[in-house]
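**Q** Next come a sequence and a model predicted from it.
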Amino acid sequence: MTAPTPYSLFANENPYPPLPSVRELLHTEAARVNRYPDRHAVALTEALARRFDVPAGHLALGAGSVGVALHLLHSALGTGGGDVVFAWPSFEAYPHLTRVCGGDPVPVPLDGHRHDLDALADAVTARTRVVFICNPNNPTGTVVGRGELERFLARIPERVLVVLDEAYREFVRDADISDGIELYRDRPNLVVLRTFSKAYGLAGLRVGFAVAHEPVAAGVRGAAVPFGVGSLAQAAAVASLRAEDELTERVAALVEERERVRDGLLAAGCEVPPSEANFLWLPLGGRTTAFAEACAARGVRVRAFDGEGARVTVGEPAANAVVVRVAADFAG
Ligand code: PMP
């Protein structure tokens, strides 16, 4: 008997390999890695400024959006520390990055599988420096609607930075979900985080960015590691913006697959909240670890949050089919 193919539905990666045009460029750039990258990533900054219609001074780049978030927290917390408020469960990096930067994490439980925006606003005190809103939320895939987000933002004092983490924005299809890059324009305390790791399929190269008004963006740039975005990452990101139509088709296929897999899981008797990201959340509680082990035994690695649920990336159809089969066995 042959061993099952090991698939990873663990890290919300894009299952598609880099586009041929991107791969070709990486090959060319590889011959020049004895040189440092452009320290200010001018070509990528200009391409992003054009793509999102924002001034170049409103952009800050880093090694993935997690790298940008680290610089942002360093800049916002300085040497004085302070509270960083976020929903929980949400992206695992928030408490870690907060502690690394000398801050105190303030997790606020989700309401069901969604952000509890009233409770988040209530958790803001004189000690609060930053609030993260992960939209869509990792790991539950749920979203915060435009109206409720605008009401929430109106409740947050201007001295507190609100970081809208839109790592999965390109997978959103719900028309009621605001685009952070529109919302930030008249809000000096709103920061939007985006990444090339998910929809653009460049997770291994590490490149992400923040969009914010000048003083905030300048603070993030000031806290950044010099030469923090490598030359291959810069080149691939520029090429990906050029090839956005092709990438958009892949994202559309993943969104279709997301709905197909969710329908399969629902038919198998699972609870699966609607997702606007490239993953699905199965709130299996005490059965989570057993479910993840059953998937692993069939060659598919999923992300288990012990006692809470499993997060399953929408990946290759063959891998997704295994998850649906395991779920059906579980429900049975
Ligand atoms: N934000 C969220 C919500 C994520 O899920 C992730 C990756 N898992 C990131 C940010 C970081 O992505 P990257 O550093 O690769 O840009």
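**A** Now that the structure is in, tell me what you want to look at. Here the structure is a predicted model, which means the values were calculated and not measured. Numbering: from 1, shown residues only.
**Q** Could you use CA atoms for every contact and neighbour count after this?
**A** Will do.
**Q** which residues in the protein form strands?
**A** For the chain, applying DSSP state E gives strands covering 7-9, 59-62, 83-88, 104-109, 128-134, 161-165, 190-195, 208-211, 279-282, 300-305, 309-313.
**Q** Quick check, V33 in contact with S231.
**A** Yes - using C-alpha atoms under 8 Å, V33 is in contact with S231, at 7.3 Å.
**Q** What residues does this structure have near the ligand?
**A** 64-66, 91, 134, 138, 165, 167, 195, 197, 203, 206, 208 (C-alpha under 6 Å from any ligand atom).
**Q** before we move on, back to that, now render the strands of the chain as TSV, adding mean pLDDT.
**A** Below are those laid out as TSV (pLDDT from 0 to 100):
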stretch	mean pLDDT
strand 7-9	97
strand 59-62	98
strand 83-88	98
strand 104-109	98
strand 128-134	98
strand 161-165	98
strand 190-195	98
strand 208-211	98
strand 279-282	98
strand 300-305	98
strand 309-313	98
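**Q** Could you dump those strands into a markdown table with mean neighbour count and distance to F171 added?
**A** Formatted as a markdown table, these follow (neighbours: other C-alpha atoms under 10 Å; distance: least, C-alpha to C-alpha, whole Å):
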| stretch | mean neighbour count | distance to F171 |
| --- | --- | --- |
| strand 7-9 | 21 | 16 |
| strand 59-62 | 27 | 22 |
| strand 83-88 | 25 | 21 |
| strand 104-109 | 19 | 24 |
| strand 128-134 | 23 | 14 |
| strand 161-165 | 24 | 13 |
| strand 190-195 | 26 | 12 |
| strand 208-211 | 27 | 16 |
| strand 279-282 | 25 | 10 |
| strand 300-305 | 21 | 20 |
| strand 309-313 | 25 | 12 |
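**Q** if we compare those strands, which one ends up closest to A331?
**A** strand 279-282 (12.1 Å; C-alpha to C-alpha).
**Q** Show me what the closest one is packed up against.
**A** helix 244-267, strand 309-313 (3 or more C-alpha pairs under 8 Å, 6 or more residues apart in numbering; DSSP states H and E).
**Q** Partner strands of it, with direction?
**A** Strand pairing for strand 279-282, using DSSP bridges, gives strand 309-313 (antiparallel).
**Q** what bits of the stretch 1-150 of the chain have low per-residue confidence?
**A** 1-5 (pLDDT under 70).
**Q** For it, which segments count as helices?
**A** Taking DSSP state H, counting those that start in this stretch to define them, one finds helices in the stretch 1-150 of the chain at 20-30, 42-52, 64-77, 93-100, 117-122, 146-155.
**Q** Just say which of those is most tucked in.
**A** helix 64-77 (a mean of 24; mean count of other C-alpha atoms under 10 Å).
**Q** Okay, angle between it and strand 190-195 too, please.
**A** 150 degrees (axes from the mean of the first three to the mean of the last three C-alpha atoms, to 10 degrees).
**Q** Could you tell me how far helix 64-77 lies from the centre of the chain?
**A** 14 Å (C-alpha atoms, centre = their mean, to the nearest Å).
**Q** so where's the stretch 201-332 of the chain uncertain?
**A** 332.
**Q** Please dump the helices and strands packed on strand 279-282 into JSON lines; it should also carry distance to P37 for every row.
**A** As requested, the helices and strands packed on strand 279-282 are exported to JSON lines (distance: least, C-alpha to C-alpha, whole Å):
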{"stretch": "helix 244-267", "distance to P37": "23"}
{"stretch": "strand 309-313", "distance to P37": "32"}
